[in-house]
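S.K.: have a look; sequence and predicted model below, questions after that.
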Amino acid sequence: MKYKRNFVKDLLKSSKVDLDINVKGWVRTKRGNKQVAFVALNDGSTINNIQIVIDVANFNEELIRDITTGASLSVNGKLVKSMGKGQNIEILANEVEIYGTADPETYPLQKKGHTLEFLREIAHLRFRTNTFGAIFRIRHAMSFAIHKYFNDRNFYYLHTPIVTGSDAEGAGEMFRVTNLDMMNPPKTDEGKIDYSKDFFGKETNLTVSGQLEGELGATALSNIYTFGPTFRAENSNTPRHLAEFWMIEPEMAFYDIHDNMDLAEDFLKFLISYALENCKDDIEFLNKMYDKELIERLNFIVENKFERISYTEAIEVLEKAGQKFEFPVKWGYDLQSEHERYLVEKHYKKPVMVTDYPAIIKAFYMKQNDDGKTVRALDVLFPRIGEIIGGSQREEIYDKLKGKINEMGIPEEEMWWYLETRKFGTVPHSGFGLGFERFILFVTGMSNIRDVIPFPRTPKNAEF
């Protein structure tokens, strides 16, 4: 008879038994005696294993010997109620096929604890551990929830370029894109590299943000969002930095800073509620194994209305804190992570949104306030992590934007297309950016950003 394949996740939720079924997966453990073998099988659909019961007398001795941790199997059998402790159902095996063996002497993921540092060295196999299975199922769920959130609210998914001729915000060193012969590049009369001979006819880089192009879409489609890879060539070898990461950047026409804040708060609460509801087993595992306060912290975001304060108010609170900070607190200085966490964790005891930052520390495209000193920037601050969202109302007035571009020394000829949107039917508009990996760090309770992206790209590391 032909057995229909079932996923472990579905079988563990099934109320039906005495079914003939097939499962495929990888062996986590095998135990037993000369009469019976118990195999814990996992197919990646859930953090939980299903138990396979094998009557040793009915199977080839060599086959039983080759069922080791890491081996891949196909099992035909009957789903029955379990008589043992620890599981409600199990599978009585009729047929077992081994797709691939795993030598116990060389397979690196034997049943023991492994450090996260070691698992980064074998990123091609770390998906098979409970920890990384949980993280990447959560990452998938959050990706889906992001698209669902925006789709259900009349946003359009815009694919902005990965190769770009502009630096969106002076956000950091950029990776150059070229097909010139680097051993013998063409030169100009001044002895510089002649990028007019390059593939695109100009100097190009990998993008640091899709925001500027996203604004162009919003000024016709009203509401758009981007969700794609971005790149920073900063030599920052820290647990919070990657050279390649993913960003979610919505842009909304006819939104002011208050509309922007409303959307950011609703968006974050939706995503975390979705995680709590749909990733329960994985989050409970991470809460137990890595961060005992994870679930409490996630509920803290959902249950609290975000506090809304100005940068000036934030500075006043920090100056009166009576606490010694590593970095100075002074109007005109950017807030550091320690300041942001103090505001969230100690003072307001809820998530905090900070607006109206000094213009001097913010990007050229932010809407200038009437005071001539501040701009309508927006940062959303979370416990443990500090800033999780950065955004602003964008400057829609042509003369003000042009003046800021000139003031900051940005070549006007490179920004002609961006300026032109302010000449033809300009509107108030706003947007923000959420670093996806920074967000996944928060949802999983992990402490190193290299553990929430499948294959981390960091200084001196582009393995796999």
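M.R.: On my side now, so go ahead.

S.K.: quick one: list the elements packing against the strand or helix carrying residue 149.
M.R.: Assessed by DSSP states H and E, residue 149 sits inside helix 130-151. Packing contacts for helix 130-151, counted by 3 or more C-beta pairs under 8 Å, 6 or more residues apart in numbering; DSSP states H and E, involve helix 116-121, strand 156-157, strand 223-231, helix 257-278, helix 280-289, helix 436-444. (Glycine included, C-beta is placed from N, CA and C.)

S.K.: and the ones you listed: which comes nearest residue 238?
M.R.: Smallest distance to residue 238 across the helices and strands packed on helix 130-151 (C-beta to C-beta): 12.4 Å, for helix 436-444.

S.K.: ok, residues contacting the lengthiest strand in the chain?
M.R.: Ranked by residue count, the top strand of the chain under DSSP state E comes out as strand 19-32. Applying C-beta atoms under 8 Å, 6 or more residues apart in numbering, the contact partners of strand 19-32 are 1, 3-8, 11, 37-44, 49-50, 52, 54, 56, 67-79, 91, 99, 102, 111, 128.

S.K.: same check on stretch 152-164?
M.R.: 147, 150-151, 177, 200, 204-207, 210, 213-214, 217, 221-229, 250.

S.K.: only whichever of those residues are buried, select them in PyMOL.
M.R.: Selection of buried members from those for PyMOL, criterion 16 or more other C-beta atoms under 10 Å:
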select buried, resi 150+177+204+205+206+207+210+213+214+217+222+223+224+225+226+227+228+250
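
S.K.: just want the angle from the helix holding residue 149 to helix 436-444.
M.R.: 120 degrees (axes from the mean of the first three to the mean of the last three C-alpha atoms, to 10 degrees).

S.K.: run through who's touching helix 130-151.
M.R.: For helix 130-151, the surrounding residues in contact (C-beta under 8 Å, 6+ apart) are 42, 44, 47, 116, 119, 126-127, 157, 223, 225, 227, 248, 250, 267, 270-271, 274-275, 278-279, 281-283, 285-286, 289-290, 436, 439-440, 443-444, 446, 451-452, 454.

S.K.: strands along the stretch 251-400 of the chain, start to end?
M.R.: Remark: strands assigned in the stretch 251-400 of the chain by DSSP state E, counting those that start in this stretch are 307-310, 352-358, 374-382, 386-394.

S.K.: mean neighbour count added to the ones you listed, as JSON lines?
M.R.: Shown next, in JSON lines, are the strands of the stretch 251-400 of the chain (neighbours: other C-beta atoms under 10 Å):
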{"stretch": "strand 307-310", "mean neighbour count": "16"}
{"stretch": "strand 352-358", "mean neighbour count": "22"}
{"stretch": "strand 374-382", "mean neighbour count": "24"}
{"stretch": "strand 386-394", "mean neighbour count": "23"}
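
S.K.: quick one: those strands as CSV, columns for mean pLDDT and distance to residue 330 too.
M.R.: Output for the strands of the stretch 251-400 of the chain, formatted as CSV (pLDDT from 0 to 100; distance: least, C-beta to C-beta, whole Å):
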stretch, mean pLDDT, distance to residue 330
strand 307-310, 98, 16
strand 352-358, 98, 10
strand 374-382, 98, 15
strand 386-394, 97, 18
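
S.K.: which one of those strands lies nearest to residue 298?
M.R.: Within these, the stretch nearest residue 298 is strand 374-382; the backing value is 10.4 Å (C-beta to C-beta).

S.K.: what packs against the closest one?
M.R.: Contacts defined by 3+ C-beta pairs under 8 Å, 6+ apart place strand 374-382 against helix 257-278, helix 311-319, helix 337-341, strand 352-358, strand 386-394, strand 429-435.

S.K.: so which of these is nearest residue 234?
M.R.: Per C-beta to C-beta, nearest to residue 234 of the helices and strands packed on strand 374-382: strand 429-435, 13.7 Å.

S.K.: the closest one - contacts with which helices or strands?
M.R.: Short answer (3+ C-beta pairs under 8 Å, 6+ apart): strand 429-435 packs on helix 211-221, strand 244-253, helix 257-278, strand 374-382, strand 386-394.

S.K.: can you put these in TSV and add distance to residue 133?
M.R.: Shown next, in TSV, are the helices and strands packed on strand 429-435 (distance: least, C-beta to C-beta, whole Å):
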stretch	distance to residue 133
helix 211-221	33
strand 244-253	20
helix 257-278	15
strand 374-382	25
strand 386-394	25
